[in-house]
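# What follows is a predicted protein model with its sequence.
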Amino acid sequence: MGWFRNKIIMKDKNIGFIGLGNLGKNLANSILLGGFNLFVHDLIKNNGKNLIQEGAHWCDNIESLVDQSTIIVTCLPNPKAVSIVMESSNGIIKNINSNHLLIECSTTDEEELIRLSKLVNSKSASYIDAPLSGGEWRSKKGNISVLVSGQKESFNRALPVLKEIGYEIVYLGEKLGSASTVKVLTNYLASINLLAIGEVLMICKKYNLDLKAAYEAIRASSGNSFVHTSEAQLILSRSFDAQFTMDLICKDLGLVEKLRNKFNVPSEIIPLVERIFIEGKNILGEKEFSTAIVKLLEKQCNEELSSTYFPKQLIDNEPRKKGIEIKF
C-alpha cells in the first residue's frame with residue numbers, strides 16, 4: 001500500500017500552471033513551496049519572473065507545459081480567457097491525454113464548464129473545478145479556501161496540490177460546476193455586505209461618530225463579517241486595494257442573475273446589487289477595485305469615509321498551514 005501511494009505521488013510531481021495574475025502567482029508559489037516541480041506559462045513572461053527565480057520552469061507555449069506536466073492548473077480572469085487557453089489551435093485540449101488532470105481555478109459558469117469537460121473527456125483526461133474564496137491577500141500564505149467539484153477520484157488525486165494552494169478545502173460533489181456556482185453565490189453575499197457596510201459607515205459619519213470607534217463596535221458585534229474586517233479597512237484607509245476589480249465582480253453578479261432566472265427565483269435584491277455594481281463599473285472604470293463602489297455613495301452624500309488608523313494593504317498574519325479537507 002505504501003509503495004502504491006508513493007507511486008501516485010511520484011506520478012504527479014510535475015505540475016503545470018497557466019495564468020500568473022494577482023491570484024495565480026500566489027497559488028503557483030504555494031505549489032512550488034510544496035516541493036512540486038512547477039512549469040508555468042502566462043501571456044506576460046515577466047509575471048513569472050519571481051517564480052522562475054525560485055525554481056519554476058518557464059514554458060514558452062502551452063504545448064511545452066502540457067508535455068512536462070501531469071496535473072495542469074489554470075487561473076484565468078474570465079470565461080473568454082479560459083476558452084482561448086483550452087481551445088486554441090495549440091491549447092490545452094489539443095495536447096492532453098489520459099495521463100492529465102486539469103484543475104480549473106478560474107471562476108466561470110456551469111454550462112461552460114460542462115461544455116469544456118466534454119472536450120477534455122474526449123481526450124480521456126480528467127477535469128475538476130476548484131475556485132478560490134477568501135481574498136487574494138490570504139492566498140499569499142496558502143490560507144485561502146478552495147471549493148471543489150468533479151469526480152471524487154479526480155478530487156482525491158488533486159488533493160495534495162489543493163492542500164498546498166489553500167487551507168480549508170470543501171468538496172461539493174461530483175456534479176461539475178457546483179463549486180463555481182457556490183463561489184459566485186458567495187461573492188454575491190460579499191457584495192451585499194460591502195454595500196451595506198458603506199451605508200452604515202456613512203450613517204456613522206453623518207452622526208459624527210469616530211469611524212475607528214464605529215469599526216471596532218461593528219467588529220465586536222453580531223453585525224461583524226469577513227468583509228467588514230477586511231474590505232472595510234481598505235475603504236477607511238482609502239487604498240481600496242482588494243485586488244478584485246469591477247469587471248470581475250460584475251461578471252460574477254451576472255452569473256448569479258443568470259442562475260436566478262434559470263430557477264425562476266423571485267428577488268429584488270440580486271438585480272439591484274448587479275445594477276449598482278454595473279453603474280460603479282461604468283462610472284469608476286472596469287479596473288477600479290470593487291471596494292471603491294462606496295465612492296458612489298460618498299458623492300451622493302458629499303462625504304468621504306476615511307480614518308488614519310487602517311492599513312493600505314491587508315496582510316495575512318496567520319502562519320502557512322497544510323490544507324485540510326472539511327468533512328461533513
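Received it, and whenever you're ready, just let me know what you need.

# Identify the residue nearest residue 148 in space, chain neighbours excluded?
For residue 148, ignoring the flanking residues on the chain, the nearest one in space by C-beta to C-beta, 6 or more residues apart in numbering is residue 130 at 4.6 Å. For glycine as for every other residue, the C-beta is placed from the backbone atoms N, C-alpha and C.

# Can you check the pLDDT for that neighbour?
Here, the pLDDT recorded for residue 130 equals 98.

# Quick check on it: phi, psi?
Note on residue 130: backbone dihedrals following degrees, to the nearest 10 are phi -140, psi 70.

# Run through the residues that contact it.
By C-beta atoms under 8 Å, 6 or more residues apart in numbering, residue 130 lies in contact with 103, 104, 105, 146, 147, 148, 158, 162, 165, 179.

# I'd guess the fifth one is in a strand, am I close?
Yes - using DSSP: H, G, I helix; E, B strand; the rest coil, the secondary structure at residue 147 is a strand.

# Just the element for the closest residue to it other than its chain neighbours, please.
Residue nearest to residue 147 in three dimensions, not counting chain neighbours: residue 179, with 4.0 Å by C-beta to C-beta, 6+ apart. Element membership of residue 179 [criterion: DSSP states H and E] is helix 178-206.

# still on that earlier bit, please report how far the residue nearest to residue 147 lies from residue 241.
27 Å (C-beta to C-beta, to the nearest Å).

# The residue nearest to residue 147 and residue 133 touch, don't they?
No - the pair residue 179 / residue 133 is not scored as a contact, 9.7 Å apart, by C-beta atoms under 8 Å.

# Same drill for those two, tell me which one is more crowded.
Between residue 179 and residue 133, residue 179 has the larger neighbour count (other C-beta atoms under 10 Å), namely 28 against 20.

# could you point out which element follows the particular helix or strand that has residue 297 in it?
Element membership for residue 297 (DSSP H and E) is helix 294-301. Counting by DSSP H and E, the element after helix 294-301 in chain order, helix or strand, is strand 324-325.

# packing partners for that following strand?
Applying 3 or more C-beta pairs under 8 Å, 6 or more residues apart in numbering; DSSP states H and E, one finds that strand 324-325 contacts strand 166-171.

# tilt between the strand it packs on and helix 178-206?
120 degrees (axes from the mean of the first three to the mean of the last three C-alpha atoms, to 10 degrees).

# Residues contacting strand 166-171, please?
Contact with strand 166-171 is made by 132, 134, 139, 142-149, 152, 155, 159, 162-163, 321, 323-326, as judged by C-beta under 8 Å, 6+ apart.
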